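*Asks:* using only what follows, build the 3D model:
(chains A and B)
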Amino acid sequence: QKEVEQNSGPLSVPEGAIASLNCTYSDRGSQSFFWYRQYSGKSPELIMSIYSNGDKEDGRFTAQLNKASQYVSLLIRDSQPSDSATYLCAVNRRDGTASKLTFGTGTRLQVTL
Amino acid sequence: DTAVSQTPKYLVTQMGNDKSIKCEQNLGHDTMYWYKQDSKKFLKIMFSYNNKELIINETVPNRFSPKSPDKAHLNLHINSLELGDSAVYFCASSHSLAGGQFFGPGTRLTVL
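*Replies:* From the prediction side, this is the model:
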């Protein structure tokens, strides 16, 4: 079982729709959770972080965390063509002085006109 | 600009050569990282330094040697380059061990 699993996609949504991206993780000791956006040929960009169960909203983005189900999701409202990118889920587990961020393989999102 | 910067952006070299990649952050962060992103786009941590101390070394061949002269800099030296080392290498930094990480622009290494 992969440590962080995402559907590779592509996930295709029409402009203006809600895009829903999902991620599951295997390590119950995971403590912090992040979503990154990566455009082709560019570096990952941090767009959301979430640390406790529930929803966290920031503009058009909502991150959802359910630690019991080991599930993290990202909702993008009013999707725009500029949202077309690969979205990486990342899970952080702290162990003493070390902290390791494990990434999923990413979901490619395509927003169509 | 406050950011994480890396040099060079592109590196093309022959097998067997030794090369270095430099990273600097002016965000005031305590922790810095090196990641490798392979051709399948999988992003995997290689090393992590906290206050110049190595805290993560993820079973990377010892041809790879990181060096952190101070909290703002983390360099990566690679000896005896192999074809399989071709990838994009990203430097990142974070304020705390549990916080979100901010990535540099990447260095695309091609070994011929």
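*Asks:* contacting residues for residue 84?
*Replies:* If you meant another chain, say so; for now it's chain A. A:109-111 (Cβ atoms under 8 Å, 6 or more residues apart in numbering or on different chains). Where C-beta positions appear, they are placed from N, C-alpha and C, glycine not excepted.
*Asks:* look at chain B instead
*Replies:* Per Cβ under 8 Å, 6+ apart, neighbours of B:Gly84: B:Val111.
*Asks:* got it, and A:Met48?
*Replies:* A:Met48 sits in contact with A:34-35, A:56, A:58, A:61, A:63, A:74, where contact means Cβ under 8 Å, 6+ apart.
*Asks:* just checking, A:Ser32 touches A:Ser49?
*Replies:* Yes: at 6.6 Å, A:Ser32 counts as touching A:Ser49 under the criterion of Cβ atoms under 8 Å.
*Asks:* who touches both of those two?
*Replies:* Common contacts of A:Ser32 and A:Ser49, defined by Cβ under 8 Å, 6+ apart, comprise B:99-100.
*Asks:* identify the bridge partners of A:Gly54.
*Replies:* A:Gly54 has these beta-bridge partners by DSSP bridges: A:Leu65.
*Asks:* that one and A:Val72, how far apart?
*Replies:* 12 Å (Cβ to Cβ, to the nearest Å).
*Asks:* who has more neighbours, those two?
*Replies:* A:Val72 (27 against 9; other Cβ atoms under 10 Å in any protein chain shown).
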